[in-house]
Every structure is written in structure tokens, then in C-alpha cells.
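sequence and predicted model, in that order:
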Amino acid sequence: MRDEKPLLPSPSKTQIGLVYFLIFTIEFEYALEYVFINPFFNRHNCSVIFLSTIWLFPSILTLISQPIWHKYVYSDYSTINSKKKLLIYLLCSTTILGIITLISSSSIAELCFRASIDASEKARNASIILGFIGFMLISASHNILLEISLGFSEDEIDSSYTVCGCFGRMAGFFIASIDCFEIYSFYMHYNVGDNITFSFLAVSLLYVLTMCIAVPYISFRAKIDSASISYPSASSLVSLPWKMKLLMLTYFLTLGSNLLISIYATSWVSMAIWDENYIKEDQRRYNMGLSWGAFTLLISCLVTIVVIYVIPLIRKYQILRDSYILGLTHLICAIALITTHEVGNFQSIFIIIPICGFSFGANIVLPQHLFSEMQSNYFKQCDKLPYLHRRSECSEPKELSASKSRLFDTISNNDIHQIGKNDWKVLLNMTSLISQIVMFGFIPALIALFIGGDYIKWGMTTAGISALAGSVLSFAL
């Protein structure tokens, strides 16, 4: 049986502010990845398949490492605070190591082989391997960091944390966009040589400040995060109420659309501004296009923040049902994205990409409310068994000893019992993970295999189709 009572006092405003700073730093770094990772490997003339599927590997690494660190942190609830702090120090250090490896990969390779990466294939391959290792260290570390940071809040849905993350991404996109304004007055920017190095050094400084200023004063309460619970079996998912399964499919599609936008948007903007053949010959113009893409994503974050604050007002006055709001926002996004296959000019990027902010904002707030509400409709609070189960099962618990290791047992009716109020987060997190694996791996691979050179345009179009399908399903909830 789970004990959700905190062993530490409620956090002060200072501690909450420090957690905000940690989330700000993590999301700042996320933004830089979305802008620079694909272009970094594109400079090394990596294959389309590699560029399309590189985002899958951090998700897999996070999935593999999750049970290990959960077992370490939650093995003794009385030491959760100290263990989480130690883990944050380790992950921040790993992220900084990954950043140094990534931005110095070309220099290290050229130094080892005494040849430029353009002239030597061995130097180029070594630079790719080092860059890939750096990217894996960065991405996997901040995935775990974000989970720990969000687990600090007792609230099921805390918009303040979300807005703080949006401001972090805005800051990252702003730093990544300085090329488009021709701003070279920064002393560091003069000396490091390019924007990717300057931007990642800036976020490294934030991580150092996090370790020195924020982490020592944060106290994590000893509660169990829903993510520490094992995922349900396939048979249990099939037995869920059909509306819950429909909601999971909707979230899978809409989140997948957001993920595809994140990895393809900046490259699409660069292609929309400059001729594709021309930017291959002029790296400077290509970088300028990436910076304009980062700037449009910054505007998209502003739209996202507005949507996050407007949706609670719509819900308060019951203007529209949650599912209708979700459907309409994704429908608007889908229409804009589908046009990217044919439309591409400087004016269009300031319309299409910012419109995606409606989808981002709705997807941050509404799925959590919908999952929580459906759980309250279908599930009943029960402390007799430590996993979701049927009413008939908890009346005879001795017969279920063989299945106690599973979170979900077979559910054949709507009278489902649960142990905790946040069990819906398991379904939300599982759907998010599956969407990342499919949208970061299989879909880009299929696009690269069958489309080839136009994979960026088709990636954006696929994001639109996914948003459209999710929108249609939303109206059926």
C-alpha cells in the first residue's frame, strides 16, 4: 500500500522559485536541441535515415534507464530528498559533459586525425560518433531531470510550471535566433565562432548556476510519483473502457504532431526562405534560415502561454467542452501544417509556425484534465489492492496473489477500483512514450525511405495529418 504523505514540510516560495529555475534551464536546453541538432549532423552529410531517426535513441535510453533510477530513488522513502539531489547533480554534470562533447566533436576529430572533417572521412565519422554520444548524454539526462522537477509539485496540474517551461524555451529560441538579427555585439559570440557553440555554452552556464544555487536549497517531499509505477500489460489496455482508449489514441496523434513540428520546423523555415539548392552552397544563409525558424518558434511559445491561460477561462464559464477545445485547436494547426507542402515564403513562416502554438497549449493542459475526469467517471477509490482492479477482485484478494506485480489486471466492466488519485498519469506517460518512439523513429524512417530529398516538407505535412486525425477523434470524446 502506498503512503503519499510527505515526510518533509511544504515547500517555501523560495524553493518553488528554485524549481522554476531548474525547469527553465531544462526547457532552455530543449529548445536548443530542436534548433541545432539536425543541422549539426546535416553539416556532416549524414544520411537522411540517420537524420530522421536520431531522436528515437534518447527516448529508448530514457526508457531503459528509468527502472534503474526509480529503484535507486524510491528504495527508501526516508532518503528520497538526498538521493534526488545527488541524481540531479549527476545529471547536470552529464549534460555539461555532453554539451562539451557535442560542440567540440569536430575539433577533437580533426586534432586526432590531423585533417579537416571535409577532407578526411575518418575525421568526419569520428566527429559524428562524438556528436552522437554528446547528444545522447544531453537528451537522456534532461528527460530524467524534467521528470524529477515536475514530480516536485503536489498538484496534478500546475500551470505555473508549464508557463515557466515555456519561458525557458522562449529564452532558448531567442538565443538561437540572434543570427537573423545580425547581432554580433556579444563578445563571446565573436570568439566561439558560431551560434550553436555560443548557445550551448550559455545553457552550460545555467546548469552550473543550477548546481551551485538552486539544488542545495530544494527539498523534495517523499511522495511516490506516478511514473514510478510499472506500465500496464497489453491485455489490460484492450480491456479499458473504449472512451479511455479513444482518448489515448487522440493524445498519441496530437502529441506526435507536436513532436514532428519540433524537429522539422526550423529546417522547413530555412528551406522556405532560401532556395534549397542555394542554401547547400551557402552555409551562412542556411544558418540564417535556422535562426528565423527559432524566432518563429519563439512566437509560437508566446501563443502557447496565451492559450494556457485562456483555456481555464473557457472551462470556468463552460463555453465549450474540453474535447471540443482540443479538437478545434488541433484542426486549426492541421490546416496550417498541411499547406506547408506547397506554401513556402518569408511571410508564411510568421503565420504557419505561430499557429502551432494553439496546438501546443491545448495539448499541455487538456489531455491531463480529460484523463483525470475519465478516471473519476470509471474508477473508484479503493485501498485493498495496490493496483487497478475490478470490484469483484478486491472482494477475494487471495486469488490474485499471482498478479500483484501488475498495475492493471483484466478490466471487463466500468466498476474499476484504484489505489491512488493520480493513476491516470500512468496512462498519460505511457501514451507519451509510445508517441515519442513512433514519431521520432518509425514515421521519420518511413518518410526518409519513401520520400527521400523532400523529407522535411513531408515531415511537416505528416504532422498536419496527425493533428487532423487527432482533431477528428477529439470531437468523439
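Happy to help now that I have it. Residues are numbered from 1 along each chain as shown.

which elements pack onto the helix or strand hosting residue 331?
Assigned by DSSP states H and E, residue 331 belongs to helix 322-338. If you count contacts as 3 or more CB pairs under 8 Å, 6 or more residues apart in numbering; DSSP states H and E, helix 322-338 packs onto helix 242-273, helix 283-316, helix 349-378, helix 455-474. Heads up, the C-betas are built off the backbone N, CA and C, glycines and all.

let's see it at 6 Å
Counting contacts by 3 or more CB pairs under 6 Å, 6 or more residues apart in numbering; DSSP states H and E, helix 322-338 packs against helix 349-378, helix 455-474.

mean pLDDT lowest where, among those helices?
Across those, helix 349-378 has the smallest mean pLDDT, namely a mean of 88.

give me the distance from it to the chain's centre.
With CA atoms, centre = their mean, to the nearest Å as the basis, helix 349-378 stands 14 Å off its chain's centre.

now that helix: buried residues?
By 16 or more other CB atoms under 10 Å, the buried positions in helix 349-378 come out as 349, 352-372, 374-375, 378.

by contact count, what packs against it?
helix 242-273, helix 283-316, helix 322-338, helix 424-437.

other SSEs contacting the longest one?
Just to be clear, that refers to helix 283-316. If you count contacts as 3+ CB pairs under 6 Å, 6+ apart, helix 283-316 packs onto helix 159-176, helix 242-273, helix 349-378.

which stretch among the ones you listed comes nearest residue 464?
Among the helices and strands packed on helix 283-316, the nearest to residue 464 by CB to CB is helix 242-273 (7.3 Å).

give me the helices and strands touching that closest one, please.
helix 283-316, helix 349-378, helix 424-437, helix 455-474.

taking helix 242-273 as reference, get the angle to the shortest one.
Between helix 424-437 and helix 242-273, the angle formed by their directions is 40 degrees, by axes from the mean of the first three to the mean of the last three CA atoms, to 10 degrees.

in a strand, residue 220, correct?
No: checked against DSSP: H, G, I helix; E, B strand; the rest coil, residue 220 lies outside a strand; its state is coil.

gap between it and residue 207?
Distance, residue 220 to residue 207, using CB to CB, to the nearest Å: 19 Å.

pLDDT below threshold where in the stretch 201-350 of the chain?
Scanning the stretch 201-350 of the chain for pLDDT under 70 picks out 221-236, 274-283, 344.

repeat that for 50
224-228, 278 (pLDDT under 50).

count the residues that sit near residue 449.
By other CB atoms under 10 Å, 12 other residues sit near residue 449.

separation between residue 430 and residue 64?
Counting by CB to CB - residue 430 and residue 64 are separated by 15 Å.

er, residue 28 I mean
Where residue 64 is concerned, residue 28 sits at a distance of 26 Å (CB to CB).

also residue 130?
When CB to CB is the yardstick, residue 130 and residue 64 sit 22 Å from each other.

what about those two, which has more around it?
More crowded of residue 130 and residue 64, by other CB under 10 Å: residue 130, with 19 against 10.

list the contacts of the closest residue to that one other than its chain neighbours.
In space, and not counting its chain neighbours, residue 130 is closest to residue 105: 3.6 Å by CB to CB, 6 or more residues apart in numbering. By CB atoms under 6 Å, 6 or more residues apart in numbering, the contact set of residue 105 is 127, 130, 131.

which of those residues lies closest to residue 435?
Nearest to residue 435 out of the contacts of residue 105 is residue 131 (CB to CB; 25.7 Å).

give me the neighbour count for the closest one.
Residues near residue 131, counting by other CB under 10 Å: 25.

ok, it touching residue 102?
Yes: the pair residue 131 / residue 102 is scored as a contact, 5.4 Å apart, by CB atoms under 6 Å.

how far away is residue 323 from residue 333?
Computed as CB to CB, the residue 323 to residue 333 distance reads 16 Å.

with neighbour numbers in mind, choose between these two.
Higher neighbour count among residue 323 and residue 333: residue 333, with 30 against 20, using other CB under 10 Å.

surely the more buried one touches residue 359?
Yes: counting by CB under 6 Å, residue 359 is a contact partner of residue 333 at 3.7 Å.

which residues are common contacts for the two?
By CB under 6 Å, 6+ apart, no residue touches both residue 333 and residue 359.

distance check, residue 473 against residue 213.
Residue 473 is 45 Å from residue 213, by CB to CB.

show me how the protein divides into domains.
The chain breaks down into these domains under automatic domain parsing: 12-225, 236-477.

adding distance to residue 59, write the helices and strands packed on helix 242-273 out as CSV.
As requested, the helices and strands packed on helix 242-273 are arranged in CSV below (distance: least, CB to CB, whole Å):
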stretch, distance to residue 59
helix 283-316, 21
helix 349-378, 18
helix 424-437, 4
helix 455-474, 17
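
picking up where we left off before, what angle sits between the helix holding residue 331 and helix 283-316?
160 degrees.

flag every buried residue along helix 322-338.
Result for helix 322-338 [16+ other CB under 10 Å]: buried residues 322-323, 325-334, 336-338.

just stretch 82-93 next, same as before
Under 16+ other CB under 10 Å, the buried positions of stretch 82-93 are 83, 84, 85, 87, 88, 91, 92.

nearest to residue 76, of those?
Looking across those and measuring by CB to CB, the closest to residue 76 is residue 83, at 8.1 Å.

after whichever strand or helix holds residue 40 comes which helix or strand?
Secondary structure from DSSP H and E places residue 40 in helix 13-43. Under the assignment DSSP H and E, the closest C-terminal helix or strand after helix 13-43 is helix 48-53.

got the angle for the next helix or strand after that next one vs helix 424-437?
The element immediately downstream of helix 48-53 (helix or strand, assigned by DSSP H and E) is helix 56-74. Angular relation of helix 56-74 and helix 424-437 on a 0 to 180 degree scale: 150 degrees, by the same axes, to 10 degrees.

for helix 56-74, which positions count as buried?
Using 16+ other CB under 10 Å as the test for burial, helix 56-74 gives 56, 57, 58, 59, 60, 61, 62, 66, 69, 70, 73, 74.

that helix: how far from the chain's middle?
15 Å.

ok, which of the helices and strands packed on helix 349-378 comes nearest residue 17?
helix 283-316 (18.3 Å).

count of residues packed around residue 318?
So residue 318, with other CB under 10 Å, has 7 neighbours.

how much space separates it from residue 312?
In terms of CB to CB, residue 318 sits 12 Å off from residue 312.

list the contacts for residue 143?
Residue 143 touches residue 62, counting by CB under 6 Å, 6+ apart.

the one 5 residues further on too?
With contact set as CB under 6 Å, 6+ apart, residue 148 has these partners: residue 84.

for whichever strand or helix holds it, buried residues please.
Using DSSP H and E, residue 148 maps to helix 121-150. With burial defined by 16+ other CB under 10 Å, the residues of helix 121-150 counted as buried are 123-124, 126-128, 130-132, 134-150.

if you count surrounding residues, which of residue 473 and residue 213 has more?
Neighbours were counted for residue 473 and for residue 213 using other CB under 10 Å; residue 473 has more, 21 against 11.
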